[in-house]
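Visitor: Need a 3D model of the sequence below.
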Amino acid sequence: MGWTFKEAVNALLEQGLLARSERRATPPFIVQARPLGVRPGLDYDDVGDLLERLDGPSAR
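Guide: Numbering: from 1, shown residues only. Alright, predicted model coming up:
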């Protein structure tokens, strides 16, 4: 093609920016919350305690 590196980078950047502006807007991804059915009495923030309850005290 005979382009310099700078010319090639600029051409590719321009193509990318033009393609981006031509894209149709997509609706945002929305997560629907639902109950997880967790067991009462367990602290799900303490991973070490959960592992100990599952595997015994040697899991730590």
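
Visitor: Only C-alpha atoms from now on, for both contacts and neighbour counts.
Guide: Will do.

Visitor: Show me what the helix ranked longest in the chain packs onto, helices and strands only.
Guide: The single longest helix within the chain, with elements called by DSSP state H, is helix 5-22. The contact analysis (3 or more CA pairs under 8 Å, 6 or more residues apart in numbering; DSSP states H and E) places helix 5-22 against no helix or strand.

Visitor: After that helix, which helix or strand is next?
Guide: Using DSSP states H and E, the helix or strand that follows helix 5-22 in sequence is helix 47-55.

Visitor: list the buried ones in that following helix?
Guide: For helix 47-55, a neighbour-count test (16 or more other CA atoms under 10 Å) marks residue 49 as buried.

Visitor: Any stretches of this structure with poor pLDDT?
Guide: For the chain, the stretches flagged by pLDDT under 70 are 1, 20-23, 59-60.

Visitor: Spatially central, which residue of it would that be?
Guide: For the chain, the residue nearest the mean C-alpha position is residue 29 (12.0 Å; CA atoms, centre = their mean).

Visitor: ok, that residue - contacts?
Guide: Residue 29 makes no contacts at all, as judged by CA atoms under 8 Å, 6 or more residues apart in numbering.

Visitor: ok, it to residue 36 distance?
Guide: According to CA to CA, to the nearest Å, residue 29 and residue 36 sit 20 Å apart.

Visitor: cool, residue 54 as well?
Guide: From residue 54 to residue 36 the distance is 19 Å (CA to CA).

Visitor: now residue 53
Guide: 19 Å.
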